[in-house]
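Engineer: The sequence and its predicted three-dimensional model are supplied below.
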Amino acid sequence: MSQKALCLFSSSLQCRVMIELHSNEKLLERVQIHKPDLIICPFLTRPIPNQIYQNYITLIIHPGPVGDRGRHSIDRWVLERPKEWGVTILEAVEELDAGPVWAEEKLDTEQHLPETATKSDAYNILTTLAMKGLREIYHKIFSGNYPGVEQSSALKTHPLNTLKQRDCAIDWSSDSASTIARKIQSRDSQPGLLDSLCDVPVHLFGAHVQPLTNPIRAPPKTILSIDKQALLLSSADSSNAIWITHLKNTLDKKNPFKLPATQVLPPISCLPQNYPLFQDIHVNIKDDICYVQWEFYNGAMRDDQCYRLKQMIRQHMSTNIKVVVLLGGQRYFSNGIDLNTIEAAENPVEKSQTYIHAIDDLIQYLMTDLSDRIIVSVLRGHAGAGGAMMSLVGDFIFIQENSIINPHYKTMGLYGSEYWTFNLPSRLGSISQAKSFVNHLVPLNSQQAVTSGFADFSYSTWNEVEEKISNHIVSNLNEHLKWKANKRQENITKFGHPEACRQREIKIMNENFVSYEFNRARYQFVRKVPANTTPFHLLSVGHKQATMMKGQACAAHIYNEIKSKYQQNGGSTPTLGCLLAGSKPESELYVRMKEKSLRERVNFKTHIVQMQPNENDSLFGLKLERIIHQWNEDPNIHGILVQLPFPDHLKQYQHRVLKLINPQKDIDGLLYPNTQFVPCAAQAIIWLLDWYDVKLNGKNVVVVGSSKLVGEPVSLLCKARGATVTICSVQTDDLRQAFCYADIIITATGSAHLIHGDLLPDNRSLVIVDAGVSHDPPHIRGDVHMDSVRDKCVLITPPVGAVGPVTIAALAHNLFQAYMLQEKLPSEIISEYDRLNVLKHMI
């Protein structure tokens, strides 16, 4: 819904559109910055803050007719199939779904909702209907007409539409296969229908009725057969059984997501194979045209499915076949590799590699073995990155007018495969256009797909497809085949051989598969983890002014992770030894802040020693060193922090003191790189970027400043994430040139207002992290001149309240790691913390 609305308003209606997630903690602030003329809220399940709808026109799209209220409207439509249904667009008010109605679109259920439709199918149908209403509202609003009509008091008092488990629970003793299927479909794709199989509590997904030649004699709910990891179950209807393709184990905390049915249940003994097989691939030959369709759950493709699809096509290729039409699924053409089964695999990296090779092998077969046929890709449904690039194997690409494609990999932390580096430049005309296309991280509707050159034709009805194939392709077959052969040779000359492109893609993808970005994105995707804030690639859409990156929420998440493990473990208290040399007001302030945060947020102790030299105190250095030696040997001190920098008159002692710290207690990373801890400020910068979903892989990062505690380590951390890093300093002659191609600027020099807006490029979605602090009482200034750069970047940190709070949280994180190792906690506790380490679990 949101993707279609974005395409409608930005492309068709030429509006400047901004996107915000409802979960964004800065939602109200962002709305107040942008002051939108209209706010659209698609299918919300939570109320909108009253400060928003009281000050801005805020419309809710509700997936039901006027008078219908609540969050289970689509479920009820699929389950009960009332004669008429619709979409209501209404104004947000305090009471849920009770505001003035701005538009109502109706449809006939029998005509528009197939018997086999799932909740997801129904959602897509209503989404298309909602776009019609939004288009009408847009034209009315901007002609000065505000069409809201108050609902009657009777409608406002309708009870909320809720659907409990008992309302759709399966009665296996009496429900027919079609009734069971409809109940499952009403909860598919979320949350699934709760039941149990083999004494395992599960949610059911992917129901398909299977007609039987001979009546079933087995009791209902008997597992009759297993095929392609799906289960065939008997029902009270003896002439039909039901396939269940996917399950979710409600008790499995390790894999709390959908998986192929046989992967969820314990091993099932060998069953008789005299029942029909599960059909997820269908081939239909009509004259000299071969139509191939596949219905893989949610468009996700495993290796076995890719190879079965390849084999099925091969079996039907006879010499008289001239045109192959790839139809994909009705809802999804393809979404690429199956991330759920990768996430559940014992070795996700190996499984990812297996899947990529399988889908590439399928595409290779279509490109080479069928080079003497014309291939037509027909996108009847939506397509993710892998599926969109797979469709490029087609010599012609047709796309249904309501389909949405997301032809980009980077939001998953991937470079991409499926021969995209050959087929996409071949279609668009150049490598630069192809790179620009995949780096534009927004969805495309059918109109945009055609305009961009990705697709050739947008259609409304199936008759248009058949007519196009018959009149345009088959009637000029020889010309098209000649054109295809010539074009392939021309593209090989321009872009290299397809197999060389594949090998280059695979090499980069293998690096991606072990990367933090992909593992984090996959973890979040399969578990449906809500984002902390609006992702960076969406923030950059239509932005007017930079969003401030604040660190408090990120720090709170880190503290909560630590606290949950510490409370669970009990035992002694993690304790920090903090040495403060001399008297420097800002250093004393920082130490107090650290002590306070450790004490209040995670209940850790801090032992502070402040040493002041006496007049002509020749032993002062030895006194400082003695404290470090004592803390190194003290088992009750788990971490050591020396507050830097020392005052100028004590700088001579600084290096001598630092080099004495036990590396196992150097939780501030002061001995970096000869320590096991990453310097806290550098780590904080990376975590803050993670929190705002700024992916580093493939980005150009400019680091200004090369200190041992910030600039140097943060450069290495960025490189480890796949970024290209340029290091500058305050002495760099031309910072403007250095910033020319920057995606991210990280600065930590302590030079007030070093970076001005006139140094930054225009029209780039810049992220700026300012970790430099200059004290000019009563002011604290950063390296960046905030007022002059805010309209040139998408995200920026203020000098106070961003990197600082996360740095102290990183200190707590490092202290707890040191504590666990020194206290020799049981290995399972350490491994569990490591598994949930915020580096991996920053969600």
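Structural biologist: Everything's here; your move. Numbering: from 1, shown residues only.
Engineer: Show me what the longest strand along the chain is packed against.
Structural biologist: If you go by DSSP state E, the chain has its longest strand at strand 200-211. In terms of contacts (3 or more Cβ pairs under 8 Å, 6 or more residues apart in numbering; DSSP states H and E), strand 200-211 is packed against helix 177-185, strand 193-197, strand 240-249. C-beta: built from backbone N, CA, C; applies to glycine.
Engineer: Tell me the helices and strands packed up against the second one.
Structural biologist: Helices and strands touching strand 193-197, by 3+ Cβ pairs under 8 Å, 6+ apart, are strand 200-211.
Engineer: and the nearest residue to residue 51 once chain neighbours are set aside, what does it touch?
Structural biologist: Spatial nearest neighbour of residue 51, excluding adjacent residues (Cβ to Cβ, 6 or more residues apart in numbering): residue 28 at 5.7 Å. Neighbouring residues of residue 28 by Cβ atoms under 8 Å, 6 or more residues apart in numbering: 49, 51, 52.
Engineer: For stretch 410-425, list the C-alpha coordinates in CSV.
Structural biologist: Written as CSV, here are the backbone C-alpha positions of stretch 410-425 (Å, rounded to 0.1, in the frame of the first residue of the first chain):
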residue,chain,number,x,y,z
LYS,A,410,21.2,-2.7,-1.2
THR,A,411,18.5,-2.6,1.4
MET,A,412,19.4,-6.2,2.2
GLY,A,413,23.1,-5.4,2.2
LEU,A,414,23.7,-7.3,-1.1
TYR,A,415,25.5,-6.4,-4.3
GLY,A,416,23.1,-8.6,-6.4
SER,A,417,23.4,-11.5,-8.8
GLU,A,418,21.0,-13.1,-11.4
TYR,A,419,23.3,-11.8,-14.1
TRP,A,420,22.1,-8.3,-13.5
THR,A,421,25.4,-6.7,-14.4
PHE,A,422,25.0,-8.1,-17.9
ASN,A,423,21.2,-8.1,-18.5
LEU,A,424,20.4,-4.7,-16.9
PRO,A,425,23.0,-2.6,-18.9
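Engineer: need the helix or strand of the chain with the lowest average pLDDT.
Structural biologist: Lowest by mean pLDDT, DSSP states H and E among the helices and strands of the chain is helix 838-841, with a mean of 39.
Engineer: so how many other residues sit close to residue 269?
Structural biologist: Residue 269 is flanked by 5 other residues according to other Cβ atoms under 10 Å.
Engineer: So it versus residue 246, what's the distance?
Structural biologist: 21 Å (Cβ to Cβ, to the nearest Å).
Engineer: repeat for residue 619
Structural biologist: 73 Å.
Engineer: Show me what the closest residue to residue 704 other than its chain neighbours is bridged to.
Structural biologist: Distances taken as Cβ to Cβ, 6+ apart put residue 747 closest to residue 704, at 4.0 Å, once the chain neighbours are dropped. Beta-bridge pairing of residue 747 under DSSP bridges involves residue 704, residue 770.
Engineer: what's residue 747 in contact with, if anything?
Structural biologist: Contacts of residue 747 by Cβ under 8 Å, 6+ apart are 703, 704, 705, 754, 755, 768, 769, 770, 771, 772, 783, 784.
Engineer: Looking at these, spot the one nearest residue 400.
Structural biologist: residue 768 (41.6 Å; Cβ to Cβ).
Engineer: that's a strand at the closest one, yeah?
Structural biologist: Yes: the assignment for residue 768 (DSSP: H, G, I helix; E, B strand; the rest coil) places it in a strand.
Engineer: now it: how far from residue 547?
Structural biologist: 11 Å.
Engineer: okay, the two: which has more neighbours?
Structural biologist: Remark: of residue 768 and residue 547, residue 768 carries more neighbours, 27 against 24, as counted by other Cβ under 10 Å.
Engineer: Model confidence score at that one, please.
Structural biologist: If you check residue 768, the pLDDT there is 96.
Engineer: quick one: it and residue 784 touch, right?
Structural biologist: Yes: counting by Cβ atoms under 8 Å, residue 768 does reach residue 784; the two are 6.0 Å apart.
Engineer: Which neighbours do these two have in common?
Structural biologist: 747, 755, 796.
Engineer: Distance to residue 805 for those residues - can I get that in a markdown table?
Structural biologist: Below are the shared contacts of residue 768 and residue 784 laid out as a markdown table (distance: Cβ to Cβ, whole Å):
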| residue | distance to residue 805 |
| --- | --- |
| 747 | 18 |
| 755 | 22 |
| 796 | 16 |
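Engineer: All set now, cheers.
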